[in-house]
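>>> have a look; sequence and predicted model below, questions after that.
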Amino acid sequence: MPELPEVETVVRDLRPLVVGRTIRAVRHGPKKLRKPWQAKWNPLVAGTRIEGIRRRGKWMVVNLISGRAVSAPRLILHLGMTGQFTAVDGAHPAPDHLHLVLELHQGRELRFRDPRRFGSVTFHADEAEVEAFFEQNGLGPEPFGLDPAYFRQAVRGTSRTLKAVLLDQRVVAGVGNIYADEACSLAGLHPQRRGKSLTPADADRLRGAIETVLTKAIEYRGSTIRDYVGGSGLRGGFQNEFRVYGRTGDPCRACGTAIACVRLSGRSSHFCPSCQPTHHKGTKAAQRTTKKTQEGIR
DNA sequence: TCGGCCCTGGGG
DNA sequence: CCCCAGGGCCGA
């Protein structure tokens, strides 16, 4: 569920609410998350102060500082499909599927809940371990300010579909199913196009589209399809701005053609059949191919 | 490089 | 009842 804009929104919401606060106690639920929280971490986290919180791809990192031990441990979180990380008044009744509670000041709590349990919260001794974690993960660069040459090579150097490339966190970190479709739509490229079929200009346009759609989605505080809420419990608003995602059968906002949906990389992939043709028509070679195909059909 | 799987809940 | 869902990982 939560992709880069949603995770960024959570981080921005939580920052003023929790940075500088001391974690008085830690409680955890009985159910195992994808990477299980370990009880031995409780005493390592209790008593520390939250020094900062940041996003990396779809991951969050919480910087802790432990006064007398002079250590700077970290929490790495992932929201999976249905994860929520919120700062609330502890007087609020505990919801279902609550997995970790960090007790702060004056009854305030940082809560991690996740019905489907695809998410995780893990403890790491220091910043070096965080870097090693992302390194081992093969996590790719952030999508903002991407090197154009890098992106052209990453896309045009593969026979995979654009959908598969955009979902690959090693290529670009943070894009998921919604924003992959939206970026392809904005760039006028069919998600089933093979990376190697793109011209350098196509790749540049796609790179720009990724930045544009993610930036706009952050401004709207992310997209709420179902479970997602920001760090203060508010829903997102970008779902009302979707060009193609979840709009199967609805008219394309640009040309009126019905939005279509196919399965790519195991995910529903939405596109406008008219604005996002399967193969390019720009080059002479492509025009010849198109003509031949049409003659063949006749 | 793909499909299956990990989970729970909601909708048709 | 079935199918679907914003993610990632693992093995054929």
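Arrived safely, thanks for sending.
>>> contacts and neighbour counts: CA atoms only from here.
OK.
>>> contact partners for A:I218?
Listed by Cα atoms under 8 Å, 6 or more residues apart in numbering, the contact set of A:I218 reads A:5-6, A:8-9.
>>> is it correct that it falls within a helix?
Yes: counting by DSSP: H, G, I helix; E, B strand; the rest coil, A:I218 is part of a helix.
>>> out of the contacts of A:I218, which touch DNA strand C?
A:E6 (Cα under 7 Å from any atom of the strand).
>>> and the contacts of A:I218 as a markdown table, adding pLDDT?
Output for the contacts of A:I218, formatted as a markdown table (pLDDT from 0 to 100):
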| residue | pLDDT |
| --- | --- |
| A:P5 | 97 |
| A:E6 | 97 |
| A:E8 | 98 |
| A:T9 | 98 |
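>>> near DNA strand C, which residues of chain A are found?
Checking chain A against DNA strand C by Cα under 7 Å from any atom of the strand, the hits are A:1-3, A:6, A:58, A:80-82, A:118, A:137, A:167, A:169, A:174-178, A:222-228, A:267-268.
>>> of these, which belong to strands?
A:267-268 (DSSP state E).
>>> could I get the full set of helices for chain A?
Under the criterion DSSP state H, chain A contains helices at A:4-18, A:42-45, A:127-137, A:148-156, A:162-167, A:177-187, A:200-219, A:284-297.
>>> report the angle between the first one and helix A:177-187.
Read it as helix A:4-18. Helix A:4-18 and helix A:177-187 are oriented at 120 degrees to each other (axes from the mean of the first three to the mean of the last three Cα atoms, to 10 degrees).
>>> ditto for the longest one
Angle, helix A:200-219 to helix A:177-187, by the same axes, to 10 degrees: 130 degrees.
>>> now helix A:200-219: mean pLDDT?
For helix A:200-219, the mean pLDDT works out to 98.
>>> list the buried residues in it.
A:200, A:202-211, A:213-215, A:217-218 (16 or more other Cα atoms under 10 Å).
>>> so where's chain A uncertain?
Filtered on pLDDT under 70, chain A yields the residue ranges A:1, A:68-69, A:280-298.
>>> and it, which residues reach DNA strand B?
A:115-118, A:158-161, A:164, A:264-266.
>>> adding neighbour count and distance to A:R152, write those out as a markdown table.
A markdown table is the format used below for the residues of chain A next to DNA strand B (neighbours: other Cα atoms under 10 Å; distance: Cα to Cα, whole Å):
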| residue | neighbour count | distance to A:R152 |
| --- | --- | --- |
| A:P115 | 16 | 38 |
| A:R116 | 13 | 36 |
| A:R117 | 20 | 36 |
| A:F118 | 16 | 32 |
| A:T158 | 14 | 10 |
| A:S159 | 14 | 13 |
| A:R160 | 17 | 14 |
| A:T161 | 19 | 14 |
| A:A164 | 20 | 15 |
| A:L264 | 15 | 21 |
| A:S265 | 13 | 21 |
| A:G266 | 8 | 25 |
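>>> picking that back up, got a quick PyMOL command for the buried subset of the residues of chain A next to DNA strand C?
PyMOL command restricting the residues of chain A next to DNA strand C to the buried ones, with burial defined by 16+ other Cα under 10 Å:
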select buried, chain A and resi 1+2+3+6+58+80+81+82+118+167+169+174+175+176+177+178+222+223+224+225+228
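>>> and of the contacts of A:I218, the nearest to DNA strand B?
Ranked by distance to DNA strand B (Cα to the nearest atom of the strand), these are led by A:E6 at 19.3 Å.
>>> what's the closest non-adjacent residue to that closest one?
A:G222 (4.6 Å; Cα to Cα, 6 or more residues apart in numbering).
>>> try A:H190
Nearest non-adjacent residue to A:H190 (Cα to Cα, 6+ apart): A:Q276, at 4.6 Å.
>>> sorry, back to before: who touches the residue nearest to A:E6 in this structure?
A:5-6, A:9, A:235-239.
>>> pick the one among the residues you listed closest to A:D147.
A:P5 (20.6 Å; Cα to Cα).
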